[in-house]
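# dropping the sequence and predicted coords here.
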Amino acid sequence: MTRELYWGTIAWDGYDEASEGIYTVKRNSLQDLLEDVNYYMDYFKARSPYVESASKEVGNGLDFRKTSIEADITEVVQEYIKNKTRDVHGK
């Protein structure tokens, strides 16, 4: 049995360590990840968030951690967010 997990991390900078932050999303499909990262980018809009990283993990069997293969999909998620922002603002 093959299982996929998708991770996305949103971050924002602050004026010191106390005001910096990250929020990580884990979803079972790429579409769900894209939609939720987009949602949280809007949710944290006042903090000027950015997509820090995103990855896809594929595993087999019951012990997912021992058999997973990871792929960096950060650019895919960043491009999706960029296009969504362009669609909203008409640019």
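Perfect, thanks for sending it. This one's a predicted model, so the numbers in the text were calculated from it and none came from an experiment.

# skipping adjacent residues, who's closest to residue 29 in space?
Leaving out its chain neighbours, the residue that sits closest to residue 29 by C-beta to C-beta, 6 or more residues apart in numbering is residue 6, at 6.7 Å. Bear in mind the C-beta positions are built from the backbone N, C-alpha and C, glycine included.

# strand partners (parallel or antiparallel) of whatever helix or strand that neighbour lives in?
Assigned by DSSP states H and E, residue 6 belongs to strand 2-12. Partners of strand 2-12 in the sheet, by DSSP bridges, are strand 21-27 (antiparallel), strand 50-60 (antiparallel).

# ranking these by burial, who's on top?
Stretch with highest mean neighbour count among the strands paired with strand 2-12: strand 50-60 (a mean of 17; mean count of other C-beta atoms under 10 Å).

# contacts for that strand, please.
With contact meaning C-beta atoms under 8 Å, 6 or more residues apart in numbering, strand 50-60 is reached by 1-12, 22, 30, 33, 37, 41, 64-74, 76-78, 81.

# just the buried ones from the residues you listed?
Those of the contacts of strand 50-60 that meet the buried threshold are 5-12, 30, 33, 37, 41, 73, 76-78, 81, by 16 or more other C-beta atoms under 10 Å.

# out of the strands paired with strand 2-12, flag the one nearest residue 85.
Smallest distance to residue 85 across those (C-beta to C-beta): 11.3 Å, for strand 50-60.

# show me what the top helix by length along the chain is packed against.
The single longest helix within the chain, with elements called by DSSP state H, is helix 74-89. Helix 74-89 sits against helix 30-43, strand 50-60, with contacts defined as 3 or more C-beta pairs under 8 Å, 6 or more residues apart in numbering; DSSP states H and E.

# swap the cut-off to 10 Å and go again
Packing partners of helix 74-89 (3 or more C-beta pairs under 10 Å, 6 or more residues apart in numbering; DSSP states H and E): strand 2-12, helix 30-43, strand 50-60.

# got the CA coordinates for that helix in PDB?
Taking C-alpha atoms only, helix 74-89 is exported to PDB below (Å, rounded to 0.1, in the frame of the first residue of the first chain):
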ATOM      1  CA  THR A  74       8.700  24.100  -2.600                       C
ATOM      2  CA  GLU A  75       8.800  25.800  -6.000                       C
ATOM      3  CA  VAL A  76       5.500  24.100  -7.000                       C
ATOM      4  CA  VAL A  77       3.700  25.600  -4.000                       C
ATOM      5  CA  GLN A  78       5.400  29.000  -4.300                       C
ATOM      6  CA  GLU A  79       4.300  29.200  -8.000                       C
ATOM      7  CA  TYR A  80       0.800  28.200  -7.100                       C
ATOM      8  CA  ILE A  81       0.600  31.000  -4.400                       C
ATOM      9  CA  LYS A  82       2.200  33.500  -6.800                       C
ATOM     10  CA  ASN A  83      -0.400  32.700  -9.400                       C
ATOM     11  CA  LYS A  84      -3.300  32.800  -6.900                       C
ATOM     12  CA  THR A  85      -2.100  36.200  -5.800                       C
ATOM     13  CA  ARG A  86      -1.900  37.400  -9.400                       C
ATOM     14  CA  ASP A  87      -5.400  36.200 -10.100                       C
ATOM     15  CA  VAL A  88      -6.800  38.000  -7.100                       C
ATOM     16  CA  HIS A  89      -5.000  41.300  -7.800                       C
END
